[in-house]
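**Student:** below: sequence and its predicted model.
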Amino acid sequence: MTVDYIIVGQGIAGSILSYELLKKNKKILLIDNNYPNSSSRVAAGLFNPVTGRRMVHTWLAHELFALAHSYYPKIELKLKTQFFHPLPLHYLFSSIKESNDLYAKFSEPEFADWINQNQTANCLTDIHAPLGFLELKQAGWCNVNKLLVAFKNYFEITGCYLQEQFNYEKLYQTVRGWEYGHIKTAAVIFCEGVGGLNNPWFGYLPFKPVKGEIITFKSNKLSLTSIVKQHYWIIPQGNGIFKCGATFDFNQINETPSKQAVNELFKWLTKTLRGSFEVINHQAAIRPTTLDRRPLLGEHATCKNLFIFNGLGSKGVSLAPYLASHFIGYLFSENELIPELNHRRFPLA
């Protein structure tokens with residue numbers, strides 16, 4: 001069997017990259033172990049153009065969100081499933097000073113695309129918001145697990161999917177490219193998420209994995225139809241089901257849900273919600289973040305045609321369509337990588 005590209009990992013990065021290469025009439029083989037607790041499958045899929053403690057533009061916000069809001073509805077039509085849910089996001093103020101500072105900041109023209117200046121004061125009747133809030137536009141959530149299942153079915157039907165744990169020892173370089181067992185390929189692209197830590201070619205890169213935990217809760221009395229964010233977020237899933245998260249833990253890097261995290265989220269929900277609720281699920285996963293919070297893209301420094309497409313972290317939904325297009329342009333020698341994305345900003349040890 002001969003293909004143009006072997007792609008390792010079917011998270012949101014590997015899925016969208018694979019799909020876009022197929023659209024370019026490239027023959028691919030996507031190899032994935034279908035691990036149910038990967039960060040992509042556990043992620044709530046929140047996307048938001050204004051983030052962080054200082055409430056600033058997401059990096060490349062205008063490019064990312066213009067593309068994402070047109071890209072995902074087309075994928076829904078192609079895969080015949082619904083997973084993309086644009087929703088307003090209501091950011092709750094934590095102090096009078098924060099309220100004053102952010103109102104002043106977001107009155108600037110540069111934030112006009114993101115802020116609803118005509119928000120109504122009574123749209124959060126089920127939420128304690130004594131200091132008020134801001135309504136952010138172009139936010140929402142993506143059911144990433146549903147998207148990945150639909151993509152997996154599509155790749156299987158297309159005949160380009162192999163479910164197995166990738167074995168690095170089976171991959172070796174030849175004069176014409178690479179071989180993985182009986183499969184010959186011109187190039188290999190690793191989209192492994194946190195699995196990149198164990199990659200013998202790219203494991204030296206400064207991945208900074210972080211454990212994130214979310215809970216799912218039920219509340220038949222909560223009529224919330226927007227995303228709410230403050231210290232944590234609440235995302236309505238429909239039918240009285242909501243998700244809340246996410247914690248960040250750089251010390252306990254494991255996938256075991258912790259009592260401390262669920263207590264932390266429960267305490268915040270109790271303070272934020274006006275009605276009662278019942279926790280029905282609790283999940284933990286490891287995000288593939290990096291030292292400088294930027295993705296890791298590009299060709300290995302010494303091994304030709306060995307590539308990495310990783311490190312999208314908690315912003316995978318907004319980043320993946322734009323980065324896939326940019327990376328394919330790089331593969332086809334149509335553009336250079338944005339320096340902030342090129343993994344060679346971190347030299348070989």
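**Tutor:** Received, thanks. On a predicted model such as this, the values are computed, not experimentally measured, just so you know. Numbering: from 1, shown residues only.
**Student:** so which helix or strand takes in residue 101?
**Tutor:** Using DSSP states H and E, residue 101 maps to helix 96-105.
**Student:** dump that helix to CSV, restricted to CA.
**Tutor:** In CSV, the C-alpha atoms belonging to helix 96-105 read as follows (Å, rounded to 0.1, in the frame of the first residue of the first chain):
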residue,chain,number,x,y,z
ILE,A,96,-16.7,47.0,40.3
LYS,A,97,-13.1,47.9,39.1
GLU,A,98,-13.2,45.1,36.5
SER,A,99,-16.6,46.3,35.3
ASN,A,100,-15.4,49.8,34.9
ASP,A,101,-12.1,48.8,33.3
LEU,A,102,-13.8,46.4,30.8
TYR,A,103,-16.6,48.7,29.8
ALA,A,104,-13.9,51.4,29.0
LYS,A,105,-11.7,48.9,27.2
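**Student:** that one packs against which elements?
**Tutor:** The contact analysis (3 or more Cβ pairs under 8 Å, 6 or more residues apart in numbering; DSSP states H and E) places helix 96-105 against no helix or strand. The C-beta positions use only the backbone N, C-alpha and C, and glycine is treated the same way.
**Student:** if we go by neighbour counts, what in that helix is buried?
**Tutor:** 99, 102, 105 (16 or more other Cβ atoms under 10 Å).
**Student:** try stretch 166-186
**Tutor:** Buried-residue list, stretch 166-186, by 16+ other Cβ under 10 Å: 166, 171, 177, 178, 179, 180, 183, 185.
**Student:** farthest pair in those?
**Tutor:** Maximum pairwise distance in these, criterion Cβ to Cβ, is 16.8 Å, between 166 and 177.
**Student:** OK, contacts around residue 335?
**Tutor:** Each residue near residue 335 by Cβ atoms under 8 Å, 6 or more residues apart in numbering is listed here: 326, 329.
**Student:** how close does it get to residue 20?
**Tutor:** Per Cβ to Cβ, to the nearest Å, residue 335 is found 14 Å from residue 20.
**Student:** circling back to that earlier point, centre of the chain to the helix holding residue 101, how far?
**Tutor:** Offset of helix 96-105 from its chain centre (Cα atoms, centre = their mean, to the nearest Å): 29 Å.
**Student:** for stretch 196-214, same thing?
**Tutor:** Centroid separation for stretch 196-214 versus its chain: 15 Å, with Cα atoms, centre = their mean.
**Student:** quick one: neighbours of the nearest residue to residue 342 once chain neighbours are set aside, just the number.
**Tutor:** Excluding the flanking residues, the one nearest residue 342 by Cβ to Cβ, 6 or more residues apart in numbering is residue 298, at 4.8 Å. Residue 298: 19 surrounding residues under other Cβ atoms under 10 Å.
**Student:** can you name the next helix or strand after the helix or strand harbouring residue 298?
**Tutor:** In the assignment (DSSP H and E), residue 298 maps to strand 296-299. Using DSSP H and E, the next helix or strand after strand 296-299 towards the C-terminus is strand 306-310.
**Student:** show the average pLDDT along that following strand.
**Tutor:** Strand 306-310 shows a mean pLDDT of 97.
**Student:** with only the CA atoms kept, save it in PDB.
**Tutor:** Output of strand 306-310 as PDB, limited to C-alpha atoms (Å, rounded to 0.1, in the frame of the first residue of the first chain):
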ATOM      1  CA  LEU A 306       8.600  14.000   9.000                       C
ATOM      2  CA  PHE A 307       6.200  16.600  10.300                       C
ATOM      3  CA  ILE A 308       4.400  17.800  13.400                       C
ATOM      4  CA  PHE A 309       1.000  19.400  13.600                       C
ATOM      5  CA  ASN A 310       0.300  19.600  17.300                       C
END
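**Student:** thanks a lot, catch you later.
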